[in-house]
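**Q** Give the three-dimensional model of this entry:
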Amino acid sequence: MSKHLTLVALSNESISLELSKALSNHAQILGIELETINGAAKHGSYFSQRWSSSKTLLPEAKMAMREIALKHGSDLAFLSPGFKPLDTKVLAMDMDSTLINIECIDEIADFTGKKTAVSEITEATMRGEIKDFKESLRRRVALLEGVSAEVLESVYRERLRPNPGAKELLAGATERGLYTLLVSGGFTFFTEKLRLELGFKQAQANTLEIVDGKLTGKVIGEIVDGAAKAAYLDQACNFMGCQKHHSITMGDGSNDLPMMHGSGISIAYRAKPIVKEKADAAFDRVGLDAALLLIAS
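**A** Residues are numbered from 1 along each chain as shown. You can find the predicted model right below:
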């Protein structure tokens, strides 16, 4: 446990001395001292280095330091004072564009020639420009009316791939005894397959209504939005007998922010700017499994 903010650089390649100098120089401009906790080290396929900050950093300063790190081929995370890695009990993550490489609803729409219309709504929603996720989802699903249910299997088989490090992340989290939760504004057809394939303890998502082998353009039951994601995480933490700050969360869109806020470590994976700004870590280069280094003792 550190009494100060900890900076962690993560990279697929050796971390250069120039990165440490650049971060220290920028910190000095802000009236902050960075102290190297340990030198650059290799962990499996990743490299990391840590520094202790003498002061808390404002969001603008964190974003500037992340830009510096990216110029030197590294991602940067900020671990809060008092964070205890070994106390982490829950891993909760989004599916579309976080765990996997696609937005499933966009790919379903592609089979009907409506991908552009649907993806425009998806992008605006993930950027936070459309605030009502439930209404956004209803509008997009309505455009899928009449699509054969067989398209779902085609999307899963032909287009859906776990993002780099997904399998390793789940294996490492399970080995550590973490409760793994996949919580998505997407669809149960995909989350259930991924739950079984990757070994999640729990998966929550929306159920598409299918009648006579075709999508009706409607969702059955309550829609899983940002508030619901946060509520499912709270339930998982209660089940594990821990607080939300004992969880690690991962997402890419604005509807992930309620779940990510207040967790022990929030990770924006190749995410929209609004999510990167608020997250503790931003992964633009390293894979999902680099998260395991942040909760290592």
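
**Q** Let me see the ranges of the helices in the stretch 151-297 of the chain.
**A** Taking DSSP state H, counting those that start in this stretch as the test, the helices found in the stretch 151-297 of the chain are 166-175, 188-198, 226-239, 257-260, 273-278, 291-294.

**Q** Format those as JSON lines; extra columns: mean neighbour count and mean pLDDT.
**A** For glycine as for every other residue, the C-beta is placed from the backbone atoms N, C-alpha and C. Shown next, in JSON lines, are the helices of the stretch 151-297 of the chain (neighbours: other C-beta atoms under 10 Å; pLDDT from 0 to 100):
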{"stretch": "helix 166-175", "mean neighbour count": "19", "mean pLDDT": "98"}
{"stretch": "helix 188-198", "mean neighbour count": "18", "mean pLDDT": "98"}
{"stretch": "helix 226-239", "mean neighbour count": "19", "mean pLDDT": "98"}
{"stretch": "helix 257-260", "mean neighbour count": "24", "mean pLDDT": "98"}
{"stretch": "helix 273-278", "mean neighbour count": "18", "mean pLDDT": "94"}
{"stretch": "helix 291-294", "mean neighbour count": "23", "mean pLDDT": "96"}
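
**Q** Could I get those in a markdown table, plus columns for distance to Arg285?
**A** Putting the helices of the stretch 151-297 of the chain into a markdown table (distance: least, C-beta to C-beta, whole Å) gives the following:
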| stretch | distance to Arg285 |
| --- | --- |
| helix 166-175 | 16 |
| helix 188-198 | 22 |
| helix 226-239 | 26 |
| helix 257-260 | 20 |
| helix 273-278 | 13 |
| helix 291-294 | 13 |
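
**Q** of the ones you listed, which approaches Ser53 most closely?
**A** helix 291-294 (15.9 Å; C-beta to C-beta).

**Q** What lies in contact with the closest one?
**A** Contact with helix 291-294 is made by 8, 10, 43, 46, 48, 77, 79, 85, 91, 168-169, 172-173, 248, 250, 265, 267, 281, 283, as judged by C-beta atoms under 8 Å, 6 or more residues apart in numbering.

**Q** which residue sits farthest out from the middle of this structure?
**A** Asp212 (35.7 Å; C-alpha atoms, centre = their mean).

**Q** ok, now which ones touch that one?
**A** By C-beta under 8 Å, 6+ apart, Asp212 has no neighbours at all.

**Q** how far away is it from Ser148?
**A** Between Asp212 and Ser148 the distance is 10 Å, computed by C-beta to C-beta, to the nearest Å.

**Q** With Gly177 instead?
**A** Taking C-beta to C-beta, one finds Gly177 at 42 Å from Ser148.

**Q** And those two? Which one has more around it.
**A** Ser148 (14 against 9; other C-beta atoms under 10 Å).

**Q** and that one, what does it touch?
**A** Here Ser148 is in contact with Gly213, Lys214, Leu215 (C-beta under 8 Å, 6+ apart).

**Q** wait, isn't the second one in contact with Val147?
**A** Spelled out, it's Lys214. Yes. Between Lys214 and Val147 a contact is recorded at 6.5 Å, counting by C-beta atoms under 8 Å.

**Q** higher neighbour count, those two?
**A** Comparing Lys214 with Val147 by other C-beta under 10 Å, the one with more neighbours is Val147, at 20 against 16.

**Q** what sits against that one?
**A** Val147 touches Ile108, Phe111, Thr112, Lys214, Leu215, counting by C-beta under 8 Å, 6+ apart.

**Q** In strands, which of the residues you listed fall?
**A** Among those, the members falling in strands (DSSP state E) are Lys214, Leu215.

**Q** what's the burial count for the residue nearest to Cys242 when sequence neighbours are not counted?
**A** Distances taken as C-beta to C-beta, 6 or more residues apart in numbering place Lys89 nearest to Cys242, at 4.4 Å, with adjacent residues excluded. Using other C-beta under 10 Å, the number of residues around Lys89 comes to 20.
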